[in-house]
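**Q** okay, here's the prediction I keep looking at, along with the sequence it came from:
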Amino acid sequence: MTSGTAGNDDLLERVLAGDHRALARTISRIEDRAPGYRELVAGLYDHAGTADVIGITGSPGAGKSTLVDKLAETYREQGKTVGIVAIDPASPFTGGSVLGDRIRMASTVGDMDVFVRSMSARGALGGLSAATTEAVTAMDAFGKDVVIVETVGAGQNEIDVVKAADTVAVLVPPGSGDSVQTLKAGILEIADVFVVNKADREGSDRTVRELREMIELGEDGPDASPDAGDLEERGGWSPPIVETVATEGEGVADLMVAFDDHQRHLAESGDGARQARRRHAEQIRTLLREDVHGLLEEELAARGGVEELAEAVRRGERDPYAVVEELLEPLERRLAEREAGSPEPPR
Amino acid sequence: MSGQAQRSIRCLVAKVGLDGHDRGAHVIARAFRDAGFEVVYSGLHKAPEEIVQAAVQEDVDVLGISILSGAHNTLVPKIMDGLAEYGAKEDTLVLVGGVIPEEDRPDLREQGVAAVFGPGTPIEETIEFVRENAPERR
């Protein structure tokens, strides 16, 4: 295996030719931010854009992996190829993680046309959502008909991640009204479809009713949601509620109909284009942040590291504002110099 | 470009075959995680082709196979052949853990297994081995 950027063209060709190992390695390079990965992704962009991208999120234990497994199985029965990006949180302390979603994806085992990739949140600055979008692009370019992004709906980071998808399904387990209450924080806005999974359990009727009330409230009340603009932007799409029992495969067909409806809505209303623009804008911002962050780290390192500066502040010799101003001055100069090519390492 | 390469050692901890003893695999998965590795755990009772599928798709640096059923002489070659089929054999560090008789070990090595860790191996030793031998690549 060649190292560095030399293997990129070769890798790109192999991905486009349907080489599984090459796709796997491409996603690794994306995750690692390996040298030259951007050229690789740029090459992939030209071949992407045909896959249906679906995001699945929900609280831990809602049944996401099981549902994804059943979805993949059904898509395969329809003759479609499937890519799955499963995202698990990483420990912020060691950076390590145990990625266990594969365990519950057993229906399509041994079928290489279901490509499952586990990714961890490595705590990079907005890096996870960028890496997810790029991994989806790689699977898309590889030729997958459907790409599913699965993640725990636990925080802003995860919410950003599922924005890589055209259609987002939010799973709600039946039971306490609390489950619906907690969803309000940011998740109502991203759901294109609500899924009440484990619908055979007690309390599911109530959960469906509460969800319906919440959706209607969001639509009717002018002040009901601070994101009223978002609702308008949905172009009249009201998220349907689908009941499933993922372990039995019940309701999966209904869910796929809901996905198709939403995809059609995206195409007809122009929402799809709007969504794509927003996604690309976010990608551009993330890449910019990464670059600036990298330059800042270089600058910090060139000045003996942040520790030393922090110690100077502690001793009362400096104040943080002056430090930042001083650090940024050469950075701005550097940005101008970047026109010429990649940044030189610090002296 | 931004020079922020973030390399993390990726491992698949795999339980293959019919034995249901996953305590050891869990301990290893935990310890690897705490060592800062990214660990994909396969779950119990996996067939060799499932392990191959996971190892290839996840692009792991290290494949740790736990076998306590005594069927290593048939299961391991199947996995190694599968890896070779997808061009993943040379740059995956394959480890076998479990009850492996001394006389079977040279054969496993021959197959491409980098190391065999029997019962009682200190976990630090395994982690150290991974750190030192995880393939340099990309």
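**A** Arrived safely, thanks for sending. These numbers were taken from a predicted model, which means no experiment stands behind them.

**Q** now the strands for chain B?
**A** Taking DSSP state E to define them, one finds strands in chain B at B:10-15, B:38-41, B:62-67, B:93-98, B:115-117.

**Q** ok, now the stretch 201-347 of chain A?
**A** A:241-243 (DSSP state E, counting those that start in this stretch).

**Q** let me know how buried the closest residue to chain B within it is, in neighbour terms.
**A** Per C-beta to the nearest C-beta, A:Gly294 is where the stretch 201-347 of chain A lies closest to chain B, at 3.4 Å. Using the backbone N, CA and C atoms, a C-beta is placed for each residue, glycine as well. By other C-beta atoms under 10 Å in any protein chain shown, 16 other residues sit near A:Gly294.

**Q** measure how buried B:Asp104 is and give me the count.
**A** Counted with other C-beta under 10 Å, B:Asp104 comes out at 15.

**Q** is B:Ile67 in a bridge, and if so with what?
**A** B:Ile67 forms beta bridges with B:Gly98, as assigned by DSSP bridges.

**Q** contacts only, for it.
**A** By C-beta atoms under 8 Å, 6 or more residues apart in numbering or on different chains, B:Ile67 lies in contact with B:Val16, B:Gly17, B:Asp19, B:Leu75, B:Val76, B:Val96, B:Gly97, B:Gly98, B:Val99, B:Ile100.

**Q** any quick ChimeraX command for the buried ones out of the residues you listed?
**A** Buried members of these, defined by 16 or more other C-beta atoms under 10 Å in any protein chain shown, are picked up in ChimeraX with:
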select /B:16,17,19,75,76,96,97,98,100
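
**Q** format the contacts of B:Ile67 as TSV; extra columns: pLDDT and distance to A:Gly249.
**A** Listed next are the contacts of B:Ile67 as TSV, based on pLDDT from 0 to 100; distance: C-beta to C-beta, whole Å:
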residue	pLDDT	distance to A:Gly249
B:Val16	86	27
B:Gly17	78	28
B:Asp19	77	30
B:Leu75	90	31
B:Val76	93	35
B:Val96	93	36
B:Gly97	90	36
B:Gly98	86	35
B:Val99	87	39
B:Ile100	88	40
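
**Q** pull the contacting residues for residue 21.
**A** Picking chain A for this. A:Arg14, B:Val56, B:Asp59, B:Tyr86, B:Gly87, B:Ala88.

**Q** my bad, the chain I had in mind was chain B
**A** Here B:His21 is in contact with B:Leu68 (criterion: C-beta under 8 Å, 6+ apart).

**Q** do the longest helix along chain B and chain A come into contact?
**A** When chain B is parsed with DSSP state H, its longest helix is helix B:72-85. No. Legend: contact between helix B:72-85 and chain A by C-beta under 8 Å from any C-beta of the partner chain is lacking; minimum distance shown is 9.7 Å.

**Q** for that helix, packing partners?
**A** helix B:48-57, strand B:62-67, strand B:93-98, helix B:105-111 (3 or more C-beta pairs under 8 Å, 6 or more residues apart in numbering or on different chains; DSSP states H and E).

**Q** and for that helix, what's in contact with it?
**A** B:16-17, B:48-49, B:51-52, B:55-56, B:63, B:65, B:67, B:89, B:92, B:94, B:96, B:98, B:100, B:104, B:107-108, B:111-113.

**Q** rerun that using 10 Å as the cut-off
**A** Here helix B:72-85 makes contact (C-beta atoms under 10 Å, 6 or more residues apart in numbering or on different chains) with A:21, B:14, B:16-18, B:46-53, B:55-56, B:63, B:65, B:67, B:69, B:88-92, B:94, B:96, B:98-101, B:104-105, B:107-108, B:110-113, B:116.

**Q** possible to save the contacts of B:Ile67 as TSV with distance to A:Gln283?
**A** Below are the contacts of B:Ile67 laid out as TSV (distance: C-beta to C-beta, whole Å):
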residue	distance to A:Gln283
B:Val16	40
B:Gly17	44
B:Asp19	46
B:Leu75	43
B:Val76	43
B:Val96	42
B:Gly97	42
B:Gly98	45
B:Val99	50
B:Ile100	48
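
**Q** which one among the contacts of B:Ile67 gets closest to chain A?
**A** B:Val16 (12.6 Å).

**Q** so which strand or helix has A:Asp88?
**A** For A:Asp88, the element it lies in under DSSP states H and E is strand A:82-89.

**Q** check contacts around the residue most central in space within chain B.
**A** In chain B, the residue lying closest to the centroid (C-alpha atoms, centre = their mean) is B:Gly64, at 1.6 Å. Going by C-beta under 10 Å, 6+ apart, B:Gly64 touches B:11-15, B:25, B:28-29, B:32, B:39, B:41-42, B:93-97, B:115, B:117, B:126, B:130.

**Q** now with 8 Å, please.
**A** B:Cys11, B:Leu12, B:Val13, B:Ala14, B:Ala25, B:Ile28, B:Phe32, B:Leu95, B:Val96, B:Gly97.
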